[in-house]
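Novice: no sequence for this one, just the structure:
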């Protein structure tokens, strides 16, 4: 009987420098995509996948992130008095039960591997998920839920993967594929940010992982890797060849890199157009802009 994946780590200690000056006072993870902060999309995806324990690896200045998941009695009472039950339900969906959420501090920015390692005592000897909130994935069935269902067949370690243009592969962790089985690939190697022209494939690792606790033991032994940081990729790669194995999962859905301004804007448009209450106005506006541009040419 395979252990169920019920714990997830959310590494949210980054400074969000690409979004300055906004992130001078607002953690990047609570910047809003349409009307929900980035972190809410990640939480909703985790819940859909059966996650029960949420572990946030934070840093100084992230108090607003912690407050976001707290109850807001005054606001709830106001909405109740005014009969705004629909807004009250939306608000309730952002609350987290006492004990469901834990916060760990990453005191030095030593990389994703180090952030995951910070949560090791809360993970113990269980499989766990890692979700990077910057990667927002629009999908009919949430990405992590797809992975959990595939993991029930394979066990071991699994990373979300997608094809990227070869010239962009050097920005990602890239898989060296042993066997391609369609939505699933078995992995014989992983390279973090390969030098251009040296990438073993164009199958890149995206910010969703299901990992065995052995990865945490590997992180215990790792010195700094690419960029002087402790790379999660290196710890996962050590599992290749073990009886647990490493798999890449080609998820069904569209990924937006909300760690970049252009990706955030693209996600805003895509998610806005997917909303019944916003689609017509937004589509009309965009159509008007395009028509004006064509007329100007």
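Specialist: That came through, no problem. For clarity, every value in this text was computed on a predicted model and none was experimentally measured.

Novice: residues touching residue 258, list them.
Specialist: When contacts are counted by C-beta atoms under 8 Å, 6 or more residues apart in numbering, residue 258 touches 33, 38, 133-136, 264, 267. For glycine as for every other residue, the C-beta is placed from the backbone atoms N, C-alpha and C.

Novice: which non-adjacent residue is nearest residue 219?
Specialist: Leaving aside its chain neighbours, residue 219 sits nearest to residue 117 (4.2 Å; criterion: C-beta to C-beta, 6 or more residues apart in numbering).

Novice: wait, that neighbour touches residue 221, no?
Specialist: No. When contacts are counted by C-beta atoms under 8 Å, residue 117 is not listed as touching residue 221 (10.6 Å).

Novice: higher neighbour count, those two?
Specialist: The neighbour count for residue 117 versus residue 221, taken as other C-beta atoms under 10 Å, is higher for residue 117 (24 against 9).

Novice: and that one, which of the three is it?
Specialist: At residue 117, secondary structure determined by DSSP: H, G, I helix; E, B strand; the rest coil is helix.

Novice: what's near enough to touch it?
Specialist: Counting by C-beta under 8 Å, 6+ apart, residue 117 has contacts 216, 219-220, 230.

Novice: export those residues to TSV and append columns for secondary structure and pLDDT.
Specialist: Below are the contacts of residue 117 laid out as TSV (DSSP: H, G, I helix; E, B strand; the rest coil; pLDDT from 0 to 100):
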residue	secondary structure	pLDDT
216	helix	89
219	helix	86
220	helix	79
230	coil	79
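
Novice: separate out the buried members of these.
Specialist: Neighbour-count burial (16 or more other C-beta atoms under 10 Å) is assigned, among the contacts of residue 117, to 216, 219, 230.

Novice: could those be laid out in a markdown table, adding distance to residue 175?
Specialist: Converted to a markdown table, these look like this (distance: C-beta to C-beta, whole Å):
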| residue | distance to residue 175 |
| --- | --- |
| 216 | 21 |
| 219 | 20 |
| 230 | 20 |
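
Novice: what about the residue nearest to residue 273 when sequence neighbours are not counted, how many neighbours?
Specialist: Leaving aside its chain neighbours, residue 273 sits nearest to residue 279 (5.5 Å; criterion: C-beta to C-beta, 6+ apart). Other residues lying near residue 279 total 12 when counted by other C-beta under 10 Å.
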